[in-house]
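Engineer: dropping a prediction and its sequence here:
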Number of protein chains: 2
Amino acid sequence: MNIGEAAELSGLPSKTIRYYEEIGLLKPDRSENGYRFYCLTDVERLQFLQRARNLGFSLDECRQLLALYKDQGRASHDVKEVAIAKLGEIDQKIEALMLLRTTLRDLVGKCKGDFHPECPIIEQLAGKDDF
Amino acid sequence: MNIGEAAELSGLPSKTIRYYEEIGLLKPDRSENGYRFYCLTDVERLQFLQRARNLGFSLDECRQLLALYKDQGRASHDVKEVAIAKLGEIDQKIEALMLLRTTLRDLVGKCKGDFHPECPIIEQLAGKDDF
DNA sequence: CTAATCCTTCCAGTCACTGGAAGGTCAAGG
DNA sequence: CCTTGACCTTCCAGTGACTGGAAGGATTAG
């Protein structure tokens, strides 16, 4: 099949699929007319990549995971390691965002939000700790 | 003062300060020798920008906030609006990340992490819902 | 035969920096 | 007076993961 159909089946835009090829994630065959030609295995791998991306893995991590996917002799330990690292990252991001949220929520709560210029949000950003 | 001192006082790298100038956030004077010259007001604004960035605001939002900071006749309503929008974004990000975390944690918990190839993580990514 | 749709490549832009190269300026020390 | 080193300047390129668009070739339907 051509790239359009592979895009529909995998759920990834054609542009993205070409990009993945450019960075060496997936190299399809070419038809006589120069069009990219995707087999079902290719589509499965594209779906694999999409799911991995949706789970928050970077393209580099996707590359590792795809290699493990292809490798029938893989050790599940290697997969788990990647996933645990990602889990740690996610935990950190959540924690950082929750801190931000607390601060922002606090400031928003203190701000009257009227037509007057006095504003605890601006004051906090200005570094005025005197309130 | 020159850019190096402004960098130290504001906590922003010189590179970043130059970048902020390039995108029109802060235009310092120039000394006779062509060096950028920062006054205390400039430094205060740089600090303002750094705090706003740390609170998760994009540079475009920082631009708005800085304009409100400079505007003595601002309405706190306008500031609050920006902050509330950001708060919503943060909420969404947190929610999305918590969903990811649940899924990933679940998968990690199911994976034995040994030297065998069987791996629920890989299977999930492969789209096999049969387990 | 033509129009529409698909495909190709290449270039540029996004966001917020970051690194580096090549070169100008300045203050201190020998 | 000269050099060294620290600072400053501009410009160009790269990051991640695409996304948009231009220019042009291939294929299909009517």
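Structural biologist: Structure received.

Engineer: helix, strand or coil: sort out the residue of chain A found nearest DNA strand C for me.
Structural biologist: When scored by CB to the nearest atom of the strand, chain A has residue A:4 as its residue closest to DNA strand C, at 2.7 Å. Where C-beta positions appear, they are placed from N, C-alpha and C, glycine not excepted. On the three-state scheme (DSSP: H, G, I helix; E, B strand; the rest coil), residue A:4 is labelled helix.

Engineer: mind listing what it touches?
Structural biologist: Residue A:4 makes contacts with residue A:14, as judged by CB atoms under 8 Å, 6 or more residues apart in numbering or on different chains.

Engineer: do a quick rundown of the helices in chain A.
Structural biologist: For chain A, the helices defined by DSSP state H occupy A:3-10, A:14-22, A:40-54, A:59-70, A:76-110, A:120-125.

Engineer: is the fourth one positioned near DNA strand D?
Structural biologist: Looking back up the chat, that one is helix A:59-70. Yes - contact between helix A:59-70 and DNA strand D is present through A:59-60 (criterion: CB under 7 Å from any atom of the strand).

Engineer: okay, buried residues for that helix please.
Structural biologist: A:61-66, A:68-69 (16 or more other CB atoms under 10 Å in any protein chain shown).

Engineer: what does the first one give?
Structural biologist: Of the residues in helix A:3-10, those with enough neighbours to count as buried (16+ other CB under 10 Å) are A:3, A:6-7, A:9-10.

Engineer: any idea which of those is closest to chain B?
Structural biologist: Taking CB to the nearest CB as the measure, residue A:10 is the one of the buried residues of helix A:3-10 closest to chain B, at 10.6 Å.

Engineer: comparing the helices of chain A, which comes out most buried?
Structural biologist: helix A:120-125 (a mean of 22; mean count of other CB atoms under 10 Å in any protein chain shown).

Engineer: so what's the gap between that one and the chain middle?
Structural biologist: Distance of helix A:120-125 from its chain centroid, counting by CA atoms, centre = their mean, to the nearest Å, is 33 Å.

Engineer: and for stretch A:95-103?
Structural biologist: 21 Å.

Engineer: that stretch close to DNA strand C?
Structural biologist: No - using CB under 7 Å from any atom of the strand, stretch A:95-103 stays clear of DNA strand C, with a minimum separation of 14.2 Å.

Engineer: excluding its backbone neighbours, what's nearest the most centrally placed residue in chain A?
Structural biologist: Centroid-nearest residue in chain A: residue A:56, 4.2 Å away (criterion: CA atoms, centre = their mean). The shortest distance from residue A:56 to any non-neighbouring residue, by CB to CB, 6 or more residues apart in numbering or on different chains, is to residue B:100 (5.0 Å).
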